[in-house]
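J.: Sequence and predicted model, in that order:
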Amino acid sequence: MNKQKRFRELVYADEALLLPLCHDCLSAKVLEEAGFEAICAAGYGVTGSLIGAPDIGLLSGLELVNQYKNIINSVSIPVFVDIDTGYGDVNNVIRIVRECETIGAAGLFIEDQTWPKRCGHMTGKSVIPVEEYLPKLKAAIFARTCQDFVIMARTDAAAVYGIDEAVRRAEIYCENGADMVFVEAVHSIEDMKKVNTVLNRLNVPSFANMVEGGQTPIMSLKELKELGYSVVGYPCSSVFTVIKALRELACHLKEYGSTSGFEKNMIDFQEYYNFIGAQSIRAREKKFYDN
């Protein structure tokens, strides 16, 4: 089964899908090792990882696609990706969607913010009119060659115009062919219910975003499933965890001049050798050199 078909099955399954986000190839491999059936890669973590900057539209579409390609090639599970606002008009959207499909992404999402966009849980966001977003959504749907390739529409309108406008947009996006809808930065359980009353009625999967310290209350997968969500993403957890761990390492190394005493917080050379797949690569080499 190809990754696009597998991801679509997971999105539409009876059980809610827990979808952690990686920020690079190593974090992707850790998540795969942990047993997740699919993962996501998006602008927040990738921007921080590649250029050490916030998610405010500084990376180009092809810079993101390049890193998505590396991530996709590093794991065997489906990878869902982020194309921000599509990086231009409908022609740019068509190009970036086809690039994402070519590198093996399982699907993608496109949002209705103005450009340059901001992380969905930052202040100061703005959104384009529905009439400007719909051509981009339709272009994304047109561009895919595999019908299993999942196209998710994202709206950031709740922070700008309130939850009712966000729900109105979500319904319109469903009616125009979105496979899944993501209403970002929902502030309360009551608002979550408003979103999912509409999406569940239309039988379109709903995506929840859990950001530690963000605008949406952190809830369990079970609780979110009961509220009507089909997919639950954790976009920042890997980045936040890595920064905390590296800060602790840096402080220890600076204070003591050695990692001695810090080993319990690290893997060693041999464990990394095994984790990164070096053994299988060495075994593969022998097929070409041993005669």
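T.: In hand now; what should we look at?
J.: State which helix of the protein is the longest.
T.: Counting by DSSP state H, the longest helix found in the chain is helix 237-256.
J.: State the mean pLDDT of the helix or strand that it is followed by.
T.: Counting by DSSP states H and E, the element after helix 237-256 in chain order, helix or strand, is helix 269-275. Helix 269-275 shows a mean pLDDT of 96.
J.: ditto for stretch 278-291
T.: 88.
J.: which residues are in contact with that stretch?
T.: Tyr273 (C-beta atoms under 8 Å, 6 or more residues apart in numbering). Quick note: C-beta positions are derived from backbone N, CA and C, even for glycine.
J.: Contacts only, for the nearest residue to Ser230 once chain neighbours are set aside.
T.: Once flanking residues are discounted, Ser230 sits nearest to Pro205: 3.6 Å by C-beta to C-beta, 6 or more residues apart in numbering. Contacts for Pro205 were tallied using C-beta under 8 Å, 6+ apart; they are Val11, Tyr12, Asp179, Met180, Val181, Leu199, Ser230, Val231.
J.: Closest one of those residues to Gly213?
T.: Of all these, Val231 has the smallest distance to Gly213: 21.2 Å, by C-beta to C-beta.
J.: hmm, back to that, measure the residue nearest to Ser230 to Leu199 for me?
T.: 7 Å (C-beta to C-beta, to the nearest Å).
J.: Show me the common contact partners of the two, please.
T.: With C-beta under 8 Å, 6+ apart, Pro205 and Leu199 have common neighbours Val181.
J.: need the strands for the stretch 1-150 of the chain, in chain order.
T.: 17-22, 39-41, 79-82, 107-111, 150-155 (DSSP state E, counting those that start in this stretch).
J.: Could you list every helix and strand that the first one packs against?
T.: I take that to be strand 17-22. helix 25-33, strand 39-41, helix 43-51, strand 231-234, helix 237-256 (3 or more C-beta pairs under 8 Å, 6 or more residues apart in numbering; DSSP states H and E).
J.: Present those as a markdown table; the columns should include distance to Ala143.
T.: A markdown table is the format used below for those (distance: least, C-beta to C-beta, whole Å):
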| stretch | distance to Ala143 |
| --- | --- |
| helix 25-33 | 25 |
| strand 39-41 | 19 |
| helix 43-51 | 19 |
| strand 231-234 | 22 |
| helix 237-256 | 29 |
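J.: for those, which one ends up most surrounded?
T.: Greatest average neighbour count among these goes to strand 39-41 (a mean of 28), per mean count of other C-beta atoms under 10 Å.
J.: Just checking: what are the partner strands of that one?
T.: In the sheet, strand 39-41 lines up against strand 17-22 (parallel), strand 79-82 (parallel) (DSSP bridges).
J.: Give me the contacts around the last one.
T.: Among residues not part of strand 79-82, those counted as contacts by C-beta under 8 Å, 6+ apart are 3, 7, 19, 28, 38-43, 64, 68, 71-72, 100, 104-109, 150, 152.
J.: CA atoms of it as PDB?
T.: Below are the C-alpha coordinates for strand 79-82, written out as PDB (Å, rounded to 0.1, in the frame of the first residue of the first chain):
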ATOM      1  CA  VAL A  79       4.500  12.200   6.200                       C
ATOM      2  CA  PHE A  80       1.900  15.000   6.000                       C
ATOM      3  CA  VAL A  81       3.300  18.500   5.100                       C
ATOM      4  CA  ASP A  82       2.600  22.200   5.300                       C
END
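J.: For it, give the mean pLDDT please.
T.: The pLDDT scores in strand 79-82 average 98.
J.: Okay, buried residues for that strand please.
T.: Judged by neighbour count using 16 or more other C-beta atoms under 10 Å, the buried positions of strand 79-82 are Val79, Phe80, Val81, Asp82.
J.: Please compute how far that strand lies from its chain's middle.
T.: The chain centre lies 5 Å from the centre of strand 79-82; the measure is C-alpha atoms, centre = their mean, to the nearest Å.
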